[in-house]
Structure formats: structure tokens, C-alpha cells
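S.K.: have a look at this prediction, sequence included:
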Amino acid sequence: MSYVKGLKCRECAREYPKEVLFVCEYCFGSLEVNYDYAQIKKDLTKELILKRPETMWRYKELLPLDNEPTVGLNSGFTPLIRAGNLARVLGVKELYIKDDSVNHPTLSFKDRVVSVAISKAKEFGFDTVACASTGNLANSVAAQAATSGLKAYIFIPADLELGKVVASLIYNPYLVAVEGNYDEVNRLCSEIASKYKWAFVNINIRPYYAEGSKSMGYEIAEQLNWKTPKHIVVPSAGGSLITKIWKSFQELEKLGFLDKVETKVYCAQGHGCSPIVTAIKEESDIIRPVKPKTIAKSLAIGNPADGYYAVDTVRKSGGYAEEATDSEIIEAIKLLAKTEGIFTETAGGVTLAVAKKLIENKIIPRDESIVLCITGNGLKTQEVVTRALPKPIKIRPNLASFEGQIKNGIHQKIAEDKVIEYYI
């Protein structure tokens with residue numbers, strides 16, 4: 001049974017049928033999925049959810065498919081980790097990591113949105129899927145298109161990290177490297193989408209695709225025993241994730257699964273590509289596009305499609321926003337690894353670096369619950385941290401050599417975390 005009534009404009013509220021649409025033809029506002037919440041409230045219970053497999057599809061009534069999902073059946077329900085070691089370093093009482101760096105199948109939160117998008121593309125009868133991507137989306141579309149038997153065209157900036165290029169090519173899509181930044185790639189893809197009958201997951205079927213991000217919010221609430229945290233820090237590129245996590249909390253409250261939601265939402269971006277943060281700090285409704293210049297390439301979208309709505313989400317929740325420099329991102333990646341054993345990519349480094357600033361500046365209180373959203377795996381962006389890691393101790397294969405090095409104090413350099421610049 002489908003609970004999707006159709007699409008609705010986020011600006012003028014004009015309604016549309018369940019079709020391949022993404023822009024209102026009257027006011028040019030973006031469209032989102034419109035659900036029959038009254039029927040969902042009758043049919044969906046906590047008890048029913050808890051009986052289902054631990055995947056994102058345990059909340060299927062709140063996702064935009066007409067039929068059962070056909071792709072990404074094992075995606076979602078990633079760990080919510082009580083981060084005691086990191087909490088002690090930051091000086092906070094209750095800290096959690098929502099760890100999508102271990103999501104299935106491609107180690108990022110994009111597996112959620114792509115599971116929905118490709119399942120929906122199959123419902124619409126498409127035989128080809130495509131996307132414009134800064135990396136993680138490319139990996140997930142390539143992988144899930146392979147499992148679904150669809151052709152895939154992936155468009156990426158030509159200077160993307162090698163790990164993410166390899167993690168797309170291995171699935172044998174048509175991978176197109178465009179000589180330009182993400183915004184230029186996306187503009188080209190919009191032209192291609194208007195000519196070719198392909199399902200561009202983040203363009204012409206974006207209203208359905210974006211709904212997959214809500215599953216992260218549902219999981220956080222369930223994993224906190226049907227509560228939401230007082231504070232949540234979310235990395236932002238196009239701005240969709242932060243809006244959908246907030247939407248998921250509102251939906252659960254509407255269904256009676258949660259008491260009144262009082263979560264404050266914080267936007268995290270990299271210095272050199274922070275148009276959403278800038279608008280929030282300047283108390284402006286205008287998102288001024290920028291040319292990205294940050295090591296956080298997965299967040300390097302200078303003209304965010306959902307920027308206005310991300311700003312609105314932060315304001316409505318009573319949250320704030322901050323940016324992180326390249327050096328702060330690297331230090332945060334290292335800090336998360338050595339305290340909690342989680343190796344995150346640059347977007348996760350942005351999240352932690354921003355959270356650290358917000359705590360130190362007393363914007364986030366130290367005695368209230370905090371969730372940090374870690375959205376991707378560091379194995380994809382290893383080159384970012386190689387220069388900031390200590391050099392391995394090199395010895396000959398005998399005990400004397402080992403003990404000689406120890407006596408020479410090389411182990412002390414490792415213990416003190418002194419940086420030795422080198423390439424592995």
C-alpha cells in the first residue's frame with residue numbers, strides 16, 4: 001500500500017501527481033513528497049517497526065515508494081555510538097556518533113537516498129540512472145545500479161579524490177569526469193536531463209531521492225529510545241540532509257512517536273565553501289553562491305539547491321552554524337580516529353571540528369545530549385591526512401633492532417603525535 005498522495009510545492013503548496021517532476025510550474029519552487037499522514041498514523045506503530053529487519057526500510061510507510069523496495073535492501077540502521085572517549089576530550093556529558101561511515105553498500109549516507117531513488121526509478125520504468133556527484137553519491141549510484149541491472153551515467157568533477165573515482169569505476173558505470181567544479185557539473189547534468197530520458201537521482205527525481213535522508217533521523221530517534229537529542233550537528237553540501245533530518249523528527253512527533261521535539265540543529269561546512277553558514281551568520285535569506293576551495297570536496301557545492309531550506313531549518317530549530325578550516329578538518333579526523341576508532345572522510349572532520357568550536361564557544365551546552373552525524377568513510381579520502389600522520393617505525397627483523405629503536409626514543413615521537421611529513 002502506498003501512502004504517497006503526490007508532490008507538493010514547498011513554496012505555494014500547489015499539488016501535483018506522483019510523476020517525474022521537481023519544479024513547480026507556477027512559482028518555480030521545489031517539490032517534495034506529500035504523504036497521507038492520517039492513514040500512516042492508523043497503520044504504523046512502534047511495535048510494528050521493532051518487528052522488522054534493522055534497515056532503513058523498517059520505516060517504509062514514511063518513504064516514497066508505491067511498492068516494496070527493490071534496491072538497497074540492507075542499507076541503513078547504522079550504529080549510534082555513545083562516544084565516551086571523545087566526550088571526555090570535548091568536556092561534554094552525553095555525546096553520540098551517528099556513524100554512516102559503515103553504511104551498506106558504499107560506506108556513506110548516500111546509500112540511503114540512492115536506495116530510494118533507484119527503487120523509485122524502477123517503479124517509473126527507467127532503464128538508465130544518472131547523477132552529478134562530489135563522490136559518495138557517484139559510488140552509491142554506480143553500485144546500486146549494478147545490482148539493479150540498470151545502466152548508470154556518473155558525472156563528477158575531474159579533480160575528485162582518487163579513492164572515490166576508483167570506488168565508482170569498479171562497478172563499471174559510464175564515468176564522466178568534467179573539467180569544472182560540482183556546480184558546473186550539475187548545470188551540465190540539468191541540460192542532459194532535459195534531453196535524455198534518464199533518471200537523474202538528484203535532479204528530475206530529486207523529490208523522491210531526498211526523502212531517503214529522513215531515515216537517518218528516524219533511526220537516531222529510535223536508537224535514543226524514541227527521543228531526539230537536544231543538539232545535532234549535520235554537515236551540509238546541497239543542504240538536503242539537514243532539512244530531512246529535521247523533517248523526520250517533525251513527522252515522528254506528528255505520528256505521536258515522540259514528545260515535543262526541542263532539538264537544535266547546527267549546520268557544518270568547510271571554510272572556502274560555506275554559503276549556508278554565511279547566510280545564517282548574516283541573518284540573511286539570500287544564499288550567495290561561492291567558488292569552492294576546501295579539502296572537504298564532498299561538501300564542495302557552492303550553490304546549494306536546498307540552501308534556503310537549510311537556513312530555515314536551523315532558524316526554526318534555534319540552532320546555529322559554523323565552518324571549519326582545512327587544518328581543523330584534518331585534526332578532527334585524527335581526533336575521531338584516536339578516541340573512537342572511527343575513520344571518517346573530510347565531511348565527518350567538518351562535523352566534529354564545527355561541534356568542537358560550538359562547544360568551546362558555549363553555543364552548545366556541555367551538559368546536554370549531542371549527536372554528531374558522520375556521513376562517510378575515511379578510506380575514500382586517505383590522501384587528505386597522509387602528510388599529517390607520524391612515520392612508521394622502521395626496524396630490521398630482529399629483537400635487537402626493535403629494542404634499539406625503542407631505546408632511541410622513536411616510540412616517544414609516536415606517543416606525542418609529532419607530525420612527520422611524508423607520502424605513504
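M.R.: Sure, I can see it. Numbers count the residues shown, from 1 in each chain.
S.K.: mind listing what Ser168 touches?
M.R.: Ser168 sits next to 135, 138-139, 142, 154, 156, 175 when contact means Cβ atoms under 8 Å, 6 or more residues apart in numbering. For every residue, glycine as well, the C-beta is placed using N, CA and C.
S.K.: can I get the host helix or strand of it in CSV, CA atoms only?
M.R.: Per DSSP states H and E, Ser168 falls inside helix 162-169. Presented in CSV, the C-alpha positions along helix 162-169 are these (Å, rounded to 0.1, in the frame of the first residue of the first chain):
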residue,chain,number,x,y,z
LEU,A,162,41.2,9.0,-6.4
GLY,A,163,39.6,6.8,-3.8
LYS,A,164,36.2,7.9,-4.8
VAL,A,165,36.9,7.6,-8.5
VAL,A,166,38.1,4.0,-8.0
ALA,A,167,35.1,3.3,-5.8
SER,A,168,32.8,4.2,-8.7
LEU,A,169,34.8,2.7,-11.6
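S.K.: top of the contacts of Ser168 by neighbour count?
M.R.: In terms of neighbour count, Asn139 stands highest of the contacts of Ser168 at 31 neighbours, by other Cβ atoms under 10 Å.
S.K.: where does it land on pLDDT?
M.R.: pLDDT, Asn139: 98.
S.K.: which SSE is the closest residue to Tyr16 other than its chain neighbours in?
M.R.: Nearest non-adjacent residue to Tyr16, counting by Cβ to Cβ, 6 or more residues apart in numbering: Leu7, 4.2 Å away. Applying DSSP H and E as the criterion places Leu7 in strand 4-9.
S.K.: related to what we said a few turns ago, the helix holding Ser168: how far from the chain's middle?
M.R.: The chain centre lies 18 Å from the centre of helix 162-169; the measure is Cα atoms, centre = their mean, to the nearest Å.
S.K.: point out where this protein drops to low pLDDT.
M.R.: 408-424 (pLDDT under 70).
S.K.: pull the contacting residues for Ala83.
M.R.: Contacts of Ala83 (Cβ under 8 Å, 6+ apart): 95-97, 339-340, 372.
S.K.: if we use 10 Å, what do you get?
M.R.: 89-90, 92, 94-97, 99, 336, 339-340, 342, 352, 370-372 (Cβ atoms under 10 Å, 6 or more residues apart in numbering).
S.K.: from those residues, pick the one nearest Gly217.
M.R.: Taking Cβ to Cβ as the measure, Gly217 lies nearest Val371 of those, at 9.9 Å.
S.K.: pairing partners for the helix or strand hosting the closest one, with directions?
M.R.: In this assignment (DSSP H and E), Val371 forms part of strand 369-374. Applying DSSP bridges to the sheet, strand 369-374 is found paired with strand 94-99 (parallel), strand 231-235 (parallel).
S.K.: dump those into JSON lines; add distance to Pro79 and mean neighbour count as well.
M.R.: Formatted as JSON lines, those follow (distance: least, Cβ to Cβ, whole Å; neighbours: other Cβ atoms under 10 Å):
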{"stretch": "strand 94-99", "distance to Pro79": "5", "mean neighbour count": "23"}
{"stretch": "strand 231-235", "distance to Pro79": "16", "mean neighbour count": "29"}
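S.K.: can I get those in CSV with distance to Glu322?
M.R.: Shown next, in CSV, are the strands paired with strand 369-374 (distance: least, Cβ to Cβ, whole Å):
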stretch, distance to Glu322
strand 94-99, 17
strand 231-235, 9
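S.K.: just to revisit the earlier point, how far off centre is the strand holding Val371?
M.R.: Distance, centroid of strand 369-374 to centroid of chain: 13 Å (Cα atoms, centre = their mean).
S.K.: which other helices and strands does the helix or strand just after that strand contact?
M.R.: Per DSSP H and E, the first helix or strand lying C-terminal to strand 369-374 is helix 399-407. In this structure, helix 399-407 packs against helix 410-415, with contacts taken as 3 or more Cβ pairs under 10 Å, 6 or more residues apart in numbering; DSSP states H and E.
S.K.: sweet, I'm off.
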